[in-house]
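>>> Using only what follows, build the 3D model:
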Amino acid sequence: MRSRWSASVYDDQHRLSEGEIETLLRAAQWAPSAGNSQPWVVFVCVPGTANHDRLVATLSRGNSGWVPRASVVFVTAAHVRTGEEPDAPAYSDYALHDVGQAAAHLTLQARSLGLHAHQFAGFDHDALAEALELPPTHRLVAGIAVGVLGDPADVDERTAARDHRDRVRKPLGEWAFGGRFGEAPVADGLADSVS
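Okay, here's the model as predicted:
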């Protein structure tokens with residue numbers, strides 16, 4: 001798990017086999033969900049396909065330089081409402097959490113296959129939902145670019161620099177509480193630890 005990081009420089013010539021893509025999807029399939037509801041939908045966007053073109057057309061400026069280079073991009077959606085009406089009851093109070101679990105499983109499976117995955121949300125969600133004909137019962141959540149590392153000389157300087165930033169995490173004492181919000185962590189020494 002510690003070897004996982006969000007790469008931005010991908011080899012744009014590398015492609016995954018159908019079997020590798022299926023393995024990644026199976027990892028997401030077996031993620032836990034509330035009542036085994038499995039409220040996720042995953043769109044597979046392989047370069048050269050209509051789904052990939054639909055995604056690329058909606059990418060933010062910051063993501064348009066690196067996301068298309070990935071071997072495959074998965075776009076996740078959550079089943080959030082029971083009907084198409086705006087006031088329809090929620091399908092599950094935990095759908096977004098469960099989609100996150102599926103995405104995490106896919107990401108870790110990618111790493112176990114020697115691949116890198118980078119999750120992102122910088123795209124026009126409404127435009128892509130329309131292009132993918134996503135029903136109103138569902139909501140796009142995020143994308144997951146997957147591939148092998150490429151040559152930093154093949155990308156712009158800003159994109160290449162992204163892969164050399166220091167990996168820093170908040171100290172546990174800022175978010176792991178042994179009491180009420182903001183109170184001391186669960187064990188001595190956690191307040192200053194960094195993971």
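
>>> Not counting the longest helix seen in the chain itself, show me its contacts.
Scanning the chain for the helix with the most residues, using DSSP state H, yields helix 95-112. With contacts defined as C-beta atoms under 8 Å, 6 or more residues apart in numbering, helix 95-112 is touched by 1, 3-4, 23-34, 37-40, 42, 74, 76-80, 92, 116-117, 119, 141-142, 144, 146. Using the backbone N, CA and C atoms, a C-beta is placed for each residue, glycine as well.

>>> Next step: the residues you listed restricted to helices.
Going by DSSP H, the helices hold 23-29 from those.

>>> top of those residues by neighbour count?
residue 24 (25 neighbours; other C-beta atoms under 10 Å).

>>> Could you double-check that that one sits in contact with residue 74?
Yes. Between residue 24 and residue 74 there is a contact under C-beta atoms under 8 Å: 7.4 Å.

>>> Please name the nearest non-neighbouring residue to residue 52.
With C-beta to C-beta, 6 or more residues apart in numbering as the measure, residue 45 is the residue that lies nearest to residue 52, at 4.3 Å, once sequence neighbours are left out.

>>> how close does that neighbour get to residue 179?
According to C-beta to C-beta, to the nearest Å, residue 45 and residue 179 sit 45 Å apart.

>>> hang on, the earlier thing: of all the residues in the longest helix of the chain, which ones are buried?
By 16 or more other C-beta atoms under 10 Å, the buried positions in helix 95-112 come out as 95-96, 98-107, 109-111.
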